[in-house]
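[1] Next comes the sequence, and after it the predicted model I'd like to discuss.
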Amino acid sequence: MERSGRIMATLSSTRAPEEVSPSFVTEIVSPLFQDDNPWLQEQVAKALAAVAAQVPAETCIALLEYPRVLEGLVRLLFRMERANVQEGAALALINLAGASEECQRKLAEFPNSLAGVVLLLSQERNAQVLMHGASLLFLLGLLPEYQVAIVEFPGALEGLVRLLLVDMPLLQGRAALALSTLSASSDTKETIAEFPKALAGILDLLNLEELPEVQECAVGAVANLITELTAPRILEFPNVLARLVLLAPTCEAALVAIINLDFYRKKQSAKEMAEQALARCRRLPEFRLLNYPTSV
């Protein structure tokens, strides 16, 4: 308890980047590697989370750059037998990475970070760990250059879709939020839409009228997933357009989804009409050639 108090005191005095001092080695970094004391690991991680939520982005960057801080937190994500330790480490990483795009990129680039985050989605003993895992994938998914890598990472889509199907609306909403960012890339939309139960799981959330924040997360995912190939599948779901119309006054993404679905619902898109016209133009010279007199 005494050491935990010193750690909290050290962290609470850290407000600016220059205050991330060598004392961190003794008071902060070292306990992250003490696997024989999971209680201390949890307390240090949660203390880091509390501080990261209150300091400027520059200080969060300094914390992530400090030797072994990021290493220590990422390794704790793998402690499946200690869900509370995972929870503390994940929360610290959420608050640190959430400070800025640079912080998100530092986490994304760190070795094994994505593997650790995805592993959180399989922690069945702690719902907070599951939520933190989805939140971290949301943050990492904000980086366009990592969206494909995340979607293709073994277990990532499977874990998020599994959360869509649990009877816990907050988990469902967080999973939908992560999928909304990951589906922003043209290279991931169809992969996500074709994943078993993904599209159905997202669209089912539109019916949660008592939880508008969950509906909004789902609408964002739907809007991003609409393509020429996925639109017909989305429109097959009962009352999907009616549900989007109800949400449109308070949710801009619902209006975007309605417009895009209406465009793809037409029998012929502008692209198809142009392709057909081009095909006719290409056939015309052949027709003339075949009918051109060959003798005088």
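    Cool, the structure landed. Numbers count the residues shown, from 1 in each chain.

[2] got any ranges where the stretch 151-296 of the chain has weak pLDDT?
    267-296 (pLDDT under 70).

[3] Kindly apply the preceding question to the stretch 1-150 of the chain instead.
    Within the stretch 1-150 of the chain, the set of residues satisfying pLDDT under 70 comprises 1-26.

[4] Next one: the closest residue to Glu65 other than its chain neighbours from Gly173, what distance?
    Ranked by CB to CB, 6 or more residues apart in numbering and with sequence neighbours excluded, the top spatial neighbour of Glu65 is Lys106, at 7.4 Å. Bear in mind the C-beta positions are built from the backbone N, C-alpha and C, glycine included. Distance, Lys106 to Gly173, by CB to CB, to the nearest Å: 27 Å.

[5] Specify which residue of those two has the higher count of neighbours.
    Gly173 (23 against 18; other CB atoms under 10 Å).

[6] contacting residues around that one?
    Residues near Gly173 by CB atoms under 8 Å, 6 or more residues apart in numbering: Leu205, Leu211, Glu213, Val214, Cys217, Ala218.

[7] Give me the buried subset of the residues you listed.
    For the contacts of Gly173, a burial check counting by 16 or more other CB atoms under 10 Å picks out Leu205, Leu211, Val214, Cys217, Ala218.

[8] The fourth one: what's it in contact with?
    For Cys217, the residues meeting the contact criterion (CB under 8 Å, 6+ apart) are Gly173, Arg174, Ala176, Leu177, Ser180, Leu205.

[9] just the first one next, same as before
    Taking CB under 8 Å, 6+ apart, we find Leu205 in contact with Leu164, Gln172, Gly173, Ala176, Val214, Gln215, Cys217, Ala218.

[10] now swap in Ala175 and tell me
    So Ala175 contacts Ala134, Leu160, Val161, Leu163, Leu164 (CB under 8 Å, 6+ apart).

[11] So for it, what's the nearest residue that isn't a sequence neighbour?
    Closest to Ala175 by CB to CB, 6+ apart is Leu163, at 3.7 Å.

[12] Trp39: which of the contacts of Cys217 is nearest?
    Nearest to Trp39 among these: Arg174, at 27.2 Å, using CB to CB.

[13] Counting neighbours, what do you get for that closest one?
    So Arg174, with other CB under 10 Å, has 24 neighbours.

[14] quick one: the nearest residue to it once chain neighbours are set aside and Gln172, what's the gap?
    In space, and not counting its chain neighbours, Arg174 is closest to Ala134: 4.1 Å by CB to CB, 6+ apart. Going from Ala134 to Gln172 by CB to CB gives 10 Å.

[15] For these two, list the residues in contact with both.
    With CB under 8 Å, 6+ apart, Ala134 and Gln172 have common neighbours Leu163.

[16] before we move on, back to that, what sits up against the helix or strand where the residue nearest to Arg174 lies?
    Here Ala134, judged by DSSP states H and E, is contained in helix 127-141. The list of residues contacting helix 127-141 from outside it, by CB under 8 Å, 6+ apart, reads 83, 86-87, 90-91, 93-94, 97-98, 104, 107-108, 114, 117-121, 123, 146-147, 150, 156, 159-160, 163, 168, 170-171, 174-175, 177-178, 181-182, 184.

[17] quick one, strands of the stretch 151-296 of the chain?
    For the stretch 151-296 of the chain, no strands are identified by DSSP state E, counting those that start in this stretch.

[18] Quick check: phi and psi at Pro56.
    phi -60, psi 160 (degrees, to the nearest 10).

[19] where's it relative to Ser100, distance?
    From Pro56 across to Ser100, the span is 9 Å (CB to CB).

[20] swap in Tyr66?
    For Tyr66 relative to Ser100 (CB to CB), the value is 16 Å.

[21] More neighbours: which of the two?
    Between Tyr66 and Ser100, counting by other CB under 10 Å, Tyr66 is the more crowded of the two (18 against 15).
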